[in-house]
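# Starting from these lines, generate the structure:
(one chain, ligands or ions: 2)
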Amino acid sequence: MEWSAEPLPEVRIAYETWGELSPARDNAVLILHALTGDSHVVGETGPGHPSPGWWGTLVGPGGWIDTNRWFVVAPNILGGCQGTTGPGAAAPDGRPWGSRFPQLTTRDQVAAEIALADRLGIDQWALIVGGSAGGMRAVEWAATVPDRVSRLMLLATTAAASADQIAWCHAQIRAITSDPGWVGGDYERSREPDPVAGLEVARQIAHITYRSADELAVRFGRGDQVGESVADGGRYAVQSYLDHHGRKLARRFDAGSYVTLTQAMNSHDVGRDRGGVEAALGRVTARTIVAGIDSDRLYPLEQSVQLAAGIPTCGPLRVISSAHGHDGFLIEVDAVGRIVAELLSS
Ligand SMILES: CC(=O)SCCNC(=O)CCNC(=O)[C@H](O)C(C)(C)COP(=O)(O)OP(=O)(O)OC[C@H]1O[C@@H](n2cnc3c(N)ncnc32)[C@H](O)[C@@H]1OP(=O)(O)O
Ligand SMILES: N[C@@H](CCO)C(=O)O
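Ligands and ions are numbered 1, 2, ... in the order given. I've put the predicted structure just below:
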């Protein structure tokens, strides 16, 4: 681990695959999820499994990433809580790592993913694709081991976390760490109280940045939440919407992982110890497409422009038009799919 004094003695990485690895091992696609995503790119459907997966319509037989042709791998991020080692996992003494979990960087997370590729016997990815925090790891891959990345798709992401992005993340981290249930990161994970309220607020702050102001105006305006009246102490509809997203995340995510992953995003600077962003991007040899979302206020288009201009093997910047802001990379699946399919056919 780069910034921490103590390396993790061992790491478990959860991952899922779809399709078959070709005998030449030249058809492997790596999908890197964002902050609170997971390896369930394609979900199970049917009774008890209602989710099609967060990019379930992008990947599959005959899909934009056709699993009859491509072998798709999706690992859960290092530091997370969906199967891969994170602060909630057991340390060698059997207790959760908690506050003892090292501070990770994007580069550490990619080091773990490189170890996974080694274990799977994949010397070179036919494509690495990532959005948001997944795109941070994707560009880090391409600058760290350029010869292991044949094609690269960077979506709604950045070469380095900006002051604005660090600032939003800071408020989210503070919301969690100032919750009395946080207990310095050593809360009892199986028992209340844990820092649920802090995590809910963190997600609310984040969710505002994930959507556009115009979208919120059109969807919610100044309207009251159905069945409530602001005049009588009830909530605006947009408040109820944020409450919902906060609660929903807190039910499925570990607060310690949220802090660790958010700090890792803040650490992201592909140019660190490489002579700056320009020099780092200049190392990339993968055929690359960079795509940004026109209404993204968290990862503004200038960051995509910088990536596209800096990577020598990058084609023209693609701008995906969406009302949904940053979350457009999860919602505009067909627009993303068309670009990915074009890159895969090049
Ligand atoms: C790579 C990765 O990042 S994977 C992780 C992706 N998943 C997440 O981040 C989970 C959080 N969700 C989201 O970010 C978004 O919902 C997306 C991007 C997944 C989907 O966006 P959209 O389809 O536009 O969903 P939207 O923002 O409208 O949210 C829908 C939810 O809000 C609820 N909602 C809508 N209006 C209101 C309201 N006034 N009051 C309360 N709840 C409301 C809906 O009932 C729905 O609930 P459900 O998700 O439990 O079914
Ligand atoms: N909704 C996404 C946004 C971050 O890019 C997530 O939670 O991962």
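# excluding its backbone neighbours, what's nearest the closest residue to ligand 1 within the chain?
Closest contact between the chain and ligand 1, by CB to the nearest ligand atom, is at G37 (2.8 Å). No exception for glycine: its C-beta is placed from N, CA and C like everyone else's. Nearest residue to G37 in three dimensions, chain neighbours excluded: W54, at 5.7 Å (CB to CB, 6 or more residues apart in numbering).
# on that earlier part again, and the residue of the chain closest to ligand 1, how far from G134?
Distance of G37 to G134, given as CB to CB, to the nearest Å: 7 Å.
# The lengthiest strand in the chain and ligand 1, are they touching?
Among the segments of the chain that qualify as a strand by DSSP state E, the longest is strand 287-293. No - if you take CB under 6 Å from any ligand atom as the test, strand 287-293 misses ligand 1, and the best it gets is 11.8 Å.
# what's that strand in contact with?
Applying CB atoms under 8 Å, 6 or more residues apart in numbering, the contact partners of strand 287-293 are 142, 150-156, 299-301, 303-305, 307-308, 311, 313-315, 317-320, 322, 324-326, 328-329, 332, 336, 339, 342-343, 346.
# what about the helices in this structure?
Assigned by DSSP state H, the helices in the chain fall at 106-120, 133-144, 163-177, 196-210, 213-219, 237-252, 255-267, 277-281, 301-310, 328-331, 333-344.
# Please identify the most buried of those.
helix 133-144 (a mean of 27; mean count of other CB atoms under 10 Å).
# between that helix and helix 106-120, how big is the angle?
70 degrees (axes from the mean of the first three to the mean of the last three CA atoms, to 10 degrees).
# Counting by contacts, list what helix 133-144 packs against.
strand 28-32, helix 106-120, strand 127-131, strand 151-155, helix 255-267, helix 277-281 (3 or more CB pairs under 8 Å, 6 or more residues apart in numbering; DSSP states H and E).
# Of the contacts of strand 287-293, which are in range of ligand 1?
Within those, those near ligand 1 by CB under 6 Å from any ligand atom are H324.
# mind listing what the nearest residue to G88 once chain neighbours are set aside touches?
Among residues not flanking G88 along the chain, D254 sits closest, at 4.5 Å (CB to CB, 6+ apart). By CB under 8 Å, 6+ apart, D254 lies in contact with C81, G86, P87, G88, R189.
# ok, R297 touching Y210?
No - in this structure, R297 is not within contact of Y210 by CB atoms under 8 Å, at 9.0 Å.
# Common neighbours of those two, please.
G325, H326.
# quick one: low-confidence ranges for this protein?
1-6, 45-50, 191-193 (pLDDT under 70).
# redo that, cut-off 90
Applying pLDDT under 90 to the chain flags the ranges 1-9, 43-52, 188-195.
# Give me every residue in it lying close to ligand 1.
So far as CB under 6 Å from any ligand atom goes, the chain lies against ligand 1 at 33-34, 36-37, 54, 210, 225, 237, 240-241, 244-245, 248, 324, 327, 330-331.
# switch to 5 Å and redo it
Residues of the chain lying near ligand 1 by CB under 5 Å from any ligand atom: H33, A34, G37, W54, A237, S240, Y241, H244, D327, L330.
# Neighbours of the nearest residue to P92 once chain neighbours are set aside, how many?
In space, and not counting its chain neighbours, P92 is closest to P9: 6.1 Å by CB to CB, 6+ apart. Residues near P9, counting by other CB atoms under 10 Å, number 7.
# and P9, how far is that from I208?
Taking CB to CB, one finds P9 at 39 Å from I208.
# Equivalent analysis for G233, please.
Distance, G233 to I208, by CB to CB: 23 Å.
# can you check G223 too?
Separation of G223 from I208 (CB to CB): 17 Å.
# contacting residues around stretch 302-319?
Residues contacting stretch 302-319 (CB under 8 Å, 6+ apart): 139, 142, 152, 154, 156-159, 162, 277-278, 281-282, 284-294, 301, 339.
# In contact with L249, which residues?
T36, L199, E200, R203.
# again, only using 6 Å
Shown in contact with L249 (CB atoms under 6 Å, 6 or more residues apart in numbering): R203.
# cool, T67 as well?
T67 neighbours (CB under 6 Å, 6+ apart): W18, G19, G60, P61.
# Dump those residues to a markdown table, plus neighbour count.
Output for those, formatted as a markdown table (neighbours: other CB atoms under 10 Å):
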| residue | neighbour count |
| --- | --- |
| W18 | 20 |
| G19 | 20 |
| G60 | 20 |
| P61 | 10 |
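# which one of these sits closest to P195?
Among the contacts of T67, W18 lies closest to P195 (CB to CB), at 35.2 Å.
# Could you count how many residues lie near whichever residue of the stretch 51-200 of the chain sits closest to ligand 2?
Relative to ligand 2, the nearest point of the stretch 51-200 of the chain is S132 (3.2 Å; CB to the nearest ligand atom). Each residue near S132 was counted by other CB under 10 Å, and the total is 25.
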